[in-house]
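# Build me a model from this:
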Amino acid sequence: MNVIIANKYRDALANLDIEVIKTLEGEYTVDEIIETFKNFFFQKMILDVTALKDYKNIKTLQQLSLSLDMDRVILLLDGSPETSDPEYLSDLISMRIYNFTMNVDGVKWLYEHPNTYRDVAQYHQLDTTHETNFTNVSVNPISTPYPEFKQNVVICFKDVTPGAGATTLTYIAKKQLARNYDAVAIEVDKHDFMYFDEDKMYSVASSELGNTISKHSGSDVILIDANTSTVAEGLSSETIYLLEPSKIQLNKLLARDPKVLERIKNKKVVLNQCMLSEQDVSDFEYETKLNIYYKIPPLNDQSSDNEALDRFLVKLGFYKQESSGQTGEKKGFKGLFK
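Purely as a prediction, here's the structure:
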C-alpha cells in the first residue's frame, strides 16, 4: 500500500490509480513527516514537495533522506527556479534521491519504472557543469543515461561486512572470465589493484567511474569493486552484496548498523570465503531473514582455474567455453543478462 503527502498538487495526486493506505494534506515540517512514517510500512510514498516546509532549502531534503528509505519515495517537484536549478537536482542525486519529477505523468512513470543512478547520472554535477532546462519536461524527465552504454554487463561487488573479499573476488572473477570474454575490472576510490599483475584492471575515483565504464563499453563484461561508492551501484547491471558469515564480523556489523540486513534482504547476497555446510547456510538464512544467493568458499588467487567460482559465474548467467580458441558455443550471456 502507498502513502501520499500532498499540498499544491493534492487534486492531481488524488487521481493516481494506485492503492493508498494513508494520505496527508497540507504543510508539514520534515520532523513531523519523519516521526509519522519512520516506523510505518509503505510500498511507495508520493511526496508533493510543497507539502514539505522549507523545501527549497536542500538541507531539508537531506534531513529527510537520512531517516527514510528514499528508494521508496517519489518526489514531485514544483518547477520553481530553486527546485529546477541543476545544482539542486545534483544535490538530490548525491543524497541517493533518484525518483523525482516535475509533473504527475512523471509520478505515474516512476511508480512503475523507478530510477537508478544510471538514469539520472547526466544531471549529477561532478567535475563538469550541466546546463539543462527542466521546466517543461513531461513524462519521465530524468531518464537519459549518462554516459551512453552499450548492452554489456556491469557487475558490482560490494562488501557488507568489512573485508568480505570484494577486491580479491573481483580480481579472480576477472581473470576467470577473461578466458572466454573481453573482461575489465575497475576499483573505485582505492588503489589496491596496483598489487595485482593483471592487465585491464583500473583504479578510479567515483567521479571518473561513468566515463571509465563508457570508455570500455566495447567489452563483454565490466566488474567493479565498489568499496564505499554508491555511484558504482547505480551504474551497474547487478550488485552482489558480500557477507563474511563469521559471528564476530556480523556482530560488529550489526552493532554499527542494526538495520543493514533489512536493507539487503531482497538483494543478491553472497556468502564469500564461506566454509559453512548447507545446513549451516539454512540456519543462517533463518536467523538473518536473508535469502542467500550463493556461497563461495575460500579461493586460491594463484590458480588459473577456480571451479567453485565457475559455478557461481554460470549461475549469474555466463557461458563457460571448454575449448579455448576453437569454434564452438557462441559467446554471450543467458538468463539474467539475456
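
# use CA for all of it now, contacts and neighbours both
Noted.

# give me phi/psi at the nearest residue to residue 10 once chain neighbours are set aside?
Once flanking residues are discounted, residue 10 sits nearest to residue 25: 7.1 Å by Cα to Cα, 6 or more residues apart in numbering. Residue 25 has phi and psi values of phi -130, psi 140 when expressed as degrees, to the nearest 10.

# Count the neighbours of residue 25 for me.
Here the count is done by other Cα atoms under 10 Å, and residue 25 has 14 residues near it.

# May I ask you to confirm that it is in contact with residue 9?
No: the criterion here is Cα atoms under 8 Å, and residue 25 misses it with residue 9 at 9.7 Å.

# Burial check on residue 60, number of neighbours?
Look at residue 60: counted by other Cα under 10 Å, it has 16 neighbours.

# That one should be in a strand, yeah?
No: with DSSP: H, G, I helix; E, B strand; the rest coil as the criterion, residue 60 is assigned helix and is not in a strand.

# residues contacting it?
Each residue near residue 60 by Cα atoms under 8 Å, 6 or more residues apart in numbering is listed here: 30, 54.

# got the CA positions of the helix or strand of the chain with the lowest mean pLDDT in CSV?
Lowest by mean pLDDT, DSSP states H and E among the helices and strands of the chain is helix 117-120, with a mean of 80. C-alpha atoms of helix 117-120 as CSV (Å, rounded to 0.1, in the frame of the first residue of the first chain):
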residue,chain,number,x,y,z
TYR,A,117,21.7,6.3,-10.6
ARG,A,118,22.3,5.4,-14.2
ASP,A,119,19.0,7.1,-15.2
VAL,A,120,19.9,10.4,-13.6
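
# name the helices or strands packed onto it?
Counting by 3 or more Cα pairs under 8 Å, 6 or more residues apart in numbering; DSSP states H and E, the packing neighbours recorded for helix 117-120 are helix 230-234.

# residue boundaries of the strands in the stretch 151-300 of the chain?
Ranges of strands in the stretch 151-300 of the chain, per DSSP state E, counting those that start in this stretch, are 153-159, 183-188, 201-204, 221-225, 238-243, 268-272, 292-296.

# Which one of the ones you listed lies nearest to residue 57?
Closest to residue 57 of the strands of the stretch 151-300 of the chain, according to Cα to Cα: strand 183-188, at 30.8 Å.

# My guess is residue 13 contacts residue 6. True?
Yes: Residue 13 is within contact range of residue 6, at 7.4 Å (criterion: Cα under 8 Å).

# More neighbours: which of those two?
Shown here are residue 13 and residue 6; by other Cα under 10 Å, residue 6 has more neighbours (25 against 22).

# Spit out the contact partners of the more buried one.
By Cα under 8 Å, 6+ apart, the residues touching residue 6 are 13, 23-26, 46-51.

# now residue 96
Contacts for residue 96 (Cα under 8 Å, 6+ apart) come out as 65, 70-71, 117, 230.

# just residue 156 next, same as before
Listed by Cα under 8 Å, 6+ apart, the contact set of residue 156 reads 223-226, 232-233, 236-240.

# Now rank these by neighbours and give me the top one.
Most surrounded of the contacts of residue 156: other Cα under 10 Å gives residue 224, at 31 neighbours.

# quick one: it from residue 211, how far?
If you measure residue 224 against residue 211 using Cα to Cα, to the nearest Å, the figure is 14 Å.

# likewise residue 21?
Here the distance between residue 21 and residue 211 works out to 42 Å (Cα to Cα).

# between those two, who's got more neighbours?
Neighbours per residue, other Cα under 10 Å: of residue 21 and residue 211, the larger number sits with residue 211, 15 against 12.

# What score does that one have for pLDDT?
Residue 211 is assigned a pLDDT of 85 by the prediction.

# next one: residue 34
At residue 34, the pLDDT recorded in the model is 92.

# ok, it - contacts?
Contacts of residue 34 by Cα under 8 Å, 6+ apart are 64, 67-68.

# which among the residues you listed end up buried?
Using 16 or more other Cα atoms under 10 Å as the burial test, these include residue 64 as buried.

# Let me have the contacts of residue 34 in a markdown table, extended by pLDDT, distance to residue 167 and secondary structure.
As requested, the contacts of residue 34 are exported to a markdown table (pLDDT from 0 to 100; distance: Cα to Cα, whole Å; DSSP: H, G, I helix; E, B strand; the rest coil):
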| residue | pLDDT | distance to residue 167 | secondary structure |
| --- | --- | --- | --- |
| 64 | 91 | 33 | helix |
| 67 | 84 | 30 | coil |
| 68 | 86 | 30 | coil |
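
# quick check, nearest of the contacts of residue 34 to residue 122?
When the contacts of residue 34 are compared against residue 122 (criterion: Cα to Cα), the nearest one is residue 64, at 23.6 Å.

# who are the neighbours in contact with that closest one?
Residue 64 touches 30, 34, counting by Cα under 8 Å, 6+ apart.

# Pull up the gap between it and residue 33, please.
Residue 64 is 8 Å from residue 33, by Cα to Cα.
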